[in-house]
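Okay, sequence plus prediction incoming.
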Amino acid sequence: MTPHISRTTRIAGASVAAAALLAAGIATGTAGAAPTSPEAAGAPVKMTASHRAELLRDAQATKAKTAEELGLGAKEKLVVKDVIKDADGTTHTRYDRTYDGLPVLGGDLVVHQAKGGAIKSTTKATKATLKVASTTPKIAPKSAATSAESVSGRTEGIKKSDAATPNKVIWAASGKPVLAYETVVKGVQKDGTPSELHVVTDANTGKKLFQHQEIETGAGTSMYSGKVELATKKGSSGYELTDDSRGGHGTYDLGGKESGEGKLLTDDDDKWGTGKGDDPQTAAVDAAYGAQATWDYYKNVHGRSGINGDGKGASSRVHYGQNYVNAFWDDSCFCMTYGDGEGNTHPLTALDVAAHEMSHGVTSATANLEYSGESGGLNEATSDIFGTSTEFSAKNTEDPGDYLIGEKIDINGDGSPLRYMDKPSKDGNSLDFWKEGAGDVDVHYSSGIGNHFFYLLSEGSGATEIDGVKYDSPTADGSKVEGIGRDKAEKIWYKALTAYMTSTTDYKAAREATVKAATDLYGADSAEVKGVEAAWTGVAVK
């Protein structure tokens, strides 16, 4: 398997030397600095889970009226997915769509409404009119299932474990909307990772239109974070690795199994792990630490309460399978899962990997960027951006923040990182700049365009040294880019992701989304907007 960190996690692994890690379990509240004040009226406000739920109920109650105001067809209905609110009262409500009762893939949209309810603008994943001649397919579901199973075995090497399940949908993510089947083939990927391959076929011709893997893989390592504080809970028989201060996140031991929830980790004296891979608690310490650091980052920096924004914690499962050199995020169980690496002694639970993977969950809950083509590269870049941002935010002296991805795990065997944000091509595969055909490149490598943009926006071009790490970032046209600072850059990316990106956003649309986000946050003529434009030009996205 090609090593990389990706939509759901991605770093694949070689054996690594374990650094000592010892964690004392201490019941604590949410850590981190207080949220920063909004820069402008367009900054998202910090919402409690109950406030968000109230806004969702309001959107649900008025969705028919909204559909009418948008001029949607009689067969189209809106399905409320998410909502965020700005300091000036503007709301950004994200909807999926149905057509004649069928889900529309690529039909998502965001409605931007002023405080009084007037629609200011709409961001749509497709500009095409939703209309098909008939919702009665010419191809039988069984034929669609057989075709999807053939694709999964031939192109992905998946061993099918469950019967494929075709469902009628409207495919609108590219080209003219058509009636289609979305078939989910469940099984096991070549490296032992669970598989949920989604294959979309034309329901009238049988032609394959699209495919993507719901569960993507990656590898990290653990035992690099030093001594950390963990939030635990006193139970009837000792202490439990449950974090009630962060939505009830729990850490579970699969004990080498490849299914099930696992057993909640417990300890008699609230002293967890030895810092060695042969202690089953050590992997759990890093998994729990990664989850709380990611929660704190989104809460303190972006005002987001949990991955879904609803105040509910995910769960983490450690000790998956045998000698499994990967980790993955799975939306269906709302959980992170980690293997133990080669020899079952190198748990894949590094901080940047954990934050990268859980950020895939945030993307799924918001823009839901399709994991293919340029939108797939943006999906991966988003996880790298927020994985890196979480690492900086955690301020862990044993694993300080940097613009390197997988720098602790020695995937290449020579101490080099997995990916570089200042000059992505240093890994031998990633793209520094946009070019024709970028969407045909593996999403782990087309993500280099987004990663490079984020570095340029944060730090600027040219040579520099930050916290002992040397960087040297080029631009496509040789221009000089001045950075605006990482704190502002990550707020702009988050705002763009949650308010202006959709499932089909490509790099050109990402430029438009981040310019809008920077305008909301800092003003139309601000240095920040000019910085966003310069950074995109620096990676040849115009």
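Arrived safely. Residues are numbered from 1 along each chain as shown.

any weak-confidence spans in this structure?
1-39, 152-163, 191-192, 215-224, 409-413 (pLDDT under 70).

Taking the centroid of it, which residue is nearest it?
Most central in the chain under Cα atoms, centre = their mean is His360, positioned 1.8 Å from the mean C-alpha point.

if I've got this straight, it is in a strand?
No: read with DSSP: H, G, I helix; E, B strand; the rest coil, His360 is helix and lies in no strand.

Test my guess that it contacts Trp329.
Yes: between His360 and Trp329 there is a contact under Cβ atoms under 8 Å: 4.8 Å. Placement of C-beta: from N, CA and C, glycine included.

and the residue nearest to the centre of the chain, how far is that from Gly339?
17 Å (Cβ to Cβ, to the nearest Å).

Look up how far Ala367 lies from the residue nearest to the centre of the chain.
Counting by Cβ to Cβ, the gap from His360 to Ala367 is 12 Å.

what's the answer for Met47, then?
18 Å.

Can you show me the strands along the stretch 51-200 of the chain?
According to DSSP state E, counting those that start in this stretch, the stretch 51-200 of the chain carries its strands in the segments 76-85, 91-99, 102-105, 109-113, 119-124, 159-160, 165-171, 178-188, 194-202.

brain fart, the stretch 351-500 of the chain
Under DSSP E, counting those that start in this stretch, the stretch 351-500 of the chain gives strands at 404-405, 419-420, 462-466, 469-473.

that's a strand at Ala517, yeah?
No: counting by three-state DSSP, one finds Ala517 to be helix, located in no strand.

Looking at Met47 and Ala367, which one has more neighbours?
The neighbour comparison of Met47 against Ala367 (other Cβ atoms under 10 Å) goes to Ala367, with 30 against 19.

Any idea which of the strands of the stretch 51-200 of the chain gets closest to Ala231?
Ala231 lies closest to strand 76-85 among the strands of the stretch 51-200 of the chain, at 26.8 Å (Cβ to Cβ).

ok, Val132 to Pro177 distance?
6 Å.

How about Ile466?
47 Å.

Could you do Tyr320 as well?
39 Å.

neighbour-wise, which of these two wins?
The neighbour count for Tyr320 versus Pro177, taken as other Cβ under 10 Å, is higher for Tyr320 (27 against 21).

from what I can see the more buried one touches Gly341, true?
No: between Tyr320 and Gly341 there is no contact under Cβ under 8 Å: 10.8 Å.

how about the nearest residue to Ala41, chain neighbours excluded?
Spatially, and ignoring its direct neighbours in sequence, Ala41 is nearest to Asp88 (3.5 Å; Cβ to Cβ, 6 or more residues apart in numbering).

OK, contacts around the one you found?
Asp88 makes contact with 41-42, 115, according to Cβ atoms under 8 Å, 6 or more residues apart in numbering.

Narrow those residues to those that are buried.
Neighbour counting with 16 or more other Cβ atoms under 10 Å marks Gly42 as buried within the contacts of Asp88.

could the strands of the stretch 51-200 of the chain go into JSON lines alongside mean neighbour count?
Shown next, in JSON lines, are the strands of the stretch 51-200 of the chain (neighbours: other Cβ atoms under 10 Å):
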{"stretch": "strand 76-85", "mean neighbour count": "20"}
{"stretch": "strand 91-99", "mean neighbour count": "22"}
{"stretch": "strand 102-105", "mean neighbour count": "21"}
{"stretch": "strand 109-113", "mean neighbour count": "22"}
{"stretch": "strand 119-124", "mean neighbour count": "14"}
{"stretch": "strand 159-160", "mean neighbour count": "14"}
{"stretch": "strand 165-171", "mean neighbour count": "20"}
{"stretch": "strand 178-188", "mean neighbour count": "22"}
{"stretch": "strand 194-202", "mean neighbour count": "22"}
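
Export these as TSV, with columns for distance to Lys516.
Below are the strands of the stretch 51-200 of the chain laid out as TSV (distance: least, Cβ to Cβ, whole Å):
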stretch	distance to Lys516
strand 76-85	14
strand 91-99	11
strand 102-105	24
strand 109-113	9
strand 119-124	9
strand 159-160	43
strand 165-171	27
strand 178-188	31
strand 194-202	30
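
out of those strands, nearest to Ala354?
Comparing those by Cβ to Cβ, strand 194-202 comes nearest, at 18.4 Å.

Asp278: how many residues sit nearby?
A total of 11 residues lie near Asp278 under the criterion other Cβ under 10 Å.

And the nearest residue to it once chain neighbours are set aside, how far from Tyr289?
Nearest-residue entry for Asp278: Thr345, 5.9 Å, with adjacent residues in sequence omitted and distances by Cβ to Cβ, 6+ apart. According to Cβ to Cβ, Thr345 and Tyr289 sit 19 Å apart.

Just want to know which of the two has more residues nearby.
Tyr289 (25 against 16).

tell me the contacts of that one?
Per Cβ under 8 Å, 6+ apart, neighbours of Tyr289: 23, 225, 228, 230, 351.

so it is in which element?
helix 280-302 (DSSP states H and E).

so what does the next helix or strand after that helix touch, helix or strand wise?
Going down the chain from helix 280-302, the next helix or strand is strand 315-320, by DSSP H and E. Judged by 3 or more Cβ pairs under 8 Å, 6 or more residues apart in numbering; DSSP states H and E, strand 315-320 is in contact with strand 249-253, helix 280-302, strand 335-339.

so which of those gets nearest Ile449?
Of the helices and strands packed on strand 315-320, nearest to Ile449 by Cβ to Cβ is helix 280-302, at 23.0 Å.

From the chain's centroid, how far away is the closest one?
In terms of Cα atoms, centre = their mean, to the nearest Å, the centre of helix 280-302 is found 15 Å from the chain centre.
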